[in-house]
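> Okay, predicted coordinates and the sequence, questions at the end:
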Amino acid sequence: QKEVEQNSGPLSVPEGAIASLNCTYSDRVSQSFFWYRQYSGKSPELIMSIYSNGDKEDGRFTAQLNKASQYVSLLIRDSQPSDSATYLCAALGGYQKVTFGTGTKLQVIP
Amino acid sequence: ETGVTQSPTHLIKTRGQQVTLRCSSQSGHNTVSWYQQALGQGPQFIFQYYREEENGRGNFPPRFSGLQFPNYSSELNVNALELDDSALYLCASSFGAEPNYGYTFGSGTRLTVV
């Protein structure tokens, strides 16, 4: 079992729709969770962090965390073609190790 | 405020050779972590340096080693290069012993081993 699992996609949504990206993690020690966006050929860029159960909103982005289910999600409202990228879910576990998933490729269709 | 800078951008090496990659952390950050990202995969944790000491390591062999300098810049050294070492190497800077607030990544070094 991978420590952080994501559906590789691609996830295709029409422009203006809500994109929903999901992630599960196996290490119950993990307390901090992150979503990074990575454009093709570029390095990852932090877009959201979440530490407590529930929702956290930042502009068009909402991160959701459920520690009991070991589940993290990212919602992107009013998706734009510029949101097309790979979204990496990451969890901070023990020994300062941040584990990344393989990423979900999002395509926003104009 | 300066971001994270890595050098070189691209590198081609022969199997068995040694390579050194360099990273300057973001202003105000005192921790540097190194990641390996193969094509189509997520970044894999190599190790983290805090206050010039390695304080976390992933599942990489000892031929992957590093240093952190007093100005918080860092080097990643890989000895006895193998073909599977071909990847994007990412440097990530953060503040504090644990990266609780996430990373700022550099633009990466693309290493090709032939």
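Sure, I can see it.

> only C-alpha atoms for contact and neighbour calcs from this point on.
Will do.

> Which secondary structure element is home to A:Thr102?
Per DSSP states H and E, A:Thr102 falls between elements, in no helix or strand.

> And it, how close does it get to B:Thr14?
28 Å (Cα to Cα, to the nearest Å).

> which of the two has more neighbours?
A side-by-side neighbour count of A:Thr102 and B:Thr14, using other Cα atoms under 10 Å in any protein chain shown, places A:Thr102 first with 23 against 14.

> looking at this, A:Tyr87 is in a strand?
Yes: checked against DSSP: H, G, I helix; E, B strand; the rest coil, A:Tyr87 lies within a strand.

> what's the neighbour count on it?
By the measure other Cα under 10 Å, the count of residues near A:Tyr87 is 28.

> Which residue, other than its chain neighbours, is closest to it?
Of all residues not flanking A:Tyr87 in the chain, A:Arg37 sits nearest, at 4.6 Å (Cα to Cα, 6 or more residues apart in numbering or on different chains).

> Equivalent analysis for A:Pro14, please.
Spatial nearest neighbour of A:Pro14, chain neighbours left out: A:Ile109 (4.6 Å); criterion: Cα to Cα, 6+ apart.

> for the one you found, what are its contacts?
Applying Cα atoms under 8 Å, 6 or more residues apart in numbering or on different chains to A:Ile109 gives the contacts A:Ser12, A:Val13, A:Pro14, A:Glu15, A:Pro81.

> Quick check: nearest residue in space to the last one, chain neighbours excluded?
It stands for A:Pro81. Once flanking residues are discounted, A:Pro81 sits nearest to A:Val108: 4.9 Å by Cα to Cα, 6+ apart.

> Please name the bridge partners of the residue nearest to A:Tyr87.
Taking DSSP bridges, one finds A:Glu45, A:Tyr87 as the beta-bridge partners of A:Arg37.

> How much space separates the residue in chain A that chain B sits nearest to from A:Gln80?
Across chain A, the shortest distance to chain B (Cα to the nearest Cα) belongs to A:Thr102, at 4.1 Å. From A:Thr102 across to A:Gln80, the span is 23 Å (Cα to Cα).
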